[in-house]
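1. prediction below, plus the sequence it came from.
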Amino acid sequence: MLITIDGPSGAGKTTTSRLLADRLDYRYIDTGALYRGVALAAIWTGLTPDDDTALEKLCSTLKMEFMPGEKGLRLISNGSDVTDQIRTPEISMFASAVSARPVVRHFLLDLQRRLGREKKAVFEGRDMGTVVFPDADVKFFLDASPKIRALRRYKELKSVSSQTLDAVERDMRRRDENDSTRNLAPLKPAEDAIRIDSTDLSVEAVVDRMLTVIENMV
Ligand code: DC
């Protein structure tokens, strides 16, 4: 069984995917963390997000893997644990920019499909159901109103950033625009995805809804 959850930032994908994977005893893979890992490596190397030649070279030497940690999976990039460093607003914007570059998407497509071979996993991202795993067993598209998504991101970011709620919402809208208008693998629901609006739902309520769908499908 392979389950995909796509949607914009702040829709609740991460908490939902984690809890769903826990309940099913599946592996949980946050593919946004991989784009963030590329962004961090690019910033450390001093690259601009549109330098395809340099990005390709960077990807060819980048080894990223997930390792279990006390509070969920840790992202290890070329031997270093970068789990906490990839969560800043700067990395969010840079990740959105590099995610539009075909060289980066191509590199991560292979990596994600390799991770998917182990099956029994919940994959969270933007193009899981449309491009990476078009044959996934169950596909969800999770959304919520922009205001509530901005508020959730703001609360999440509080410990690592001093951004105001307005700045978080502005960044989020810019990222949404980048992610859904790029040519390659834009953010959009797969035709066969089940859409859930989490604006007025708790994480538990969303997961219960997903579990009901999954139980009825298998
Ligand atoms: O889910 P996130 O905010 O951690 O993702 C960071 C960026 O990575 C997001 O702006 C778009 C990109 N991304 C993508 O293009 N495709 C994915 N499957 C996951 C993330």
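-> Structure's in. What do you need?
2. can you tell me the element the residue nearest the centre of the chain falls in?
-> Central residue of the chain (CA atoms, centre = their mean): residue 32, 2.9 Å from the mean position. Secondary structure assignment for residue 32, by DSSP states H and E: helix 31-45.
3. hang on, the earlier thing: my read is that the residue nearest to the centre of the chain contacts residue 124, right?
-> Yes - with contact defined as CB atoms under 8 Å, residue 32 counts as touching residue 124 (7.1 Å). All C-beta spots, glycine's among them, are computed from the backbone N, C-alpha and C.
4. next structured bit after the longest helix seen in the chain?
-> With secondary structure taken from DSSP state H, the chain has its longest helix at helix 165-181. Heading C-terminal from helix 165-181, the first helix or strand you meet, by DSSP H and E, is strand 194-197.
5. then that next one to PDB, C-alphas only?
-> Taking only C-alpha atoms (Å, rounded to 0.1, in the frame of the first residue of the first chain), the coordinates of strand 194-197 have been written out as PDB:
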ATOM      1  CA  ILE A 194      -9.900  12.400  -2.600                       C
ATOM      2  CA  ARG A 195     -10.100  16.100  -1.500                       C
ATOM      3  CA  ILE A 196     -10.300  17.000   2.200                       C
ATOM      4  CA  ASP A 197     -10.700  20.500   3.500                       C
END
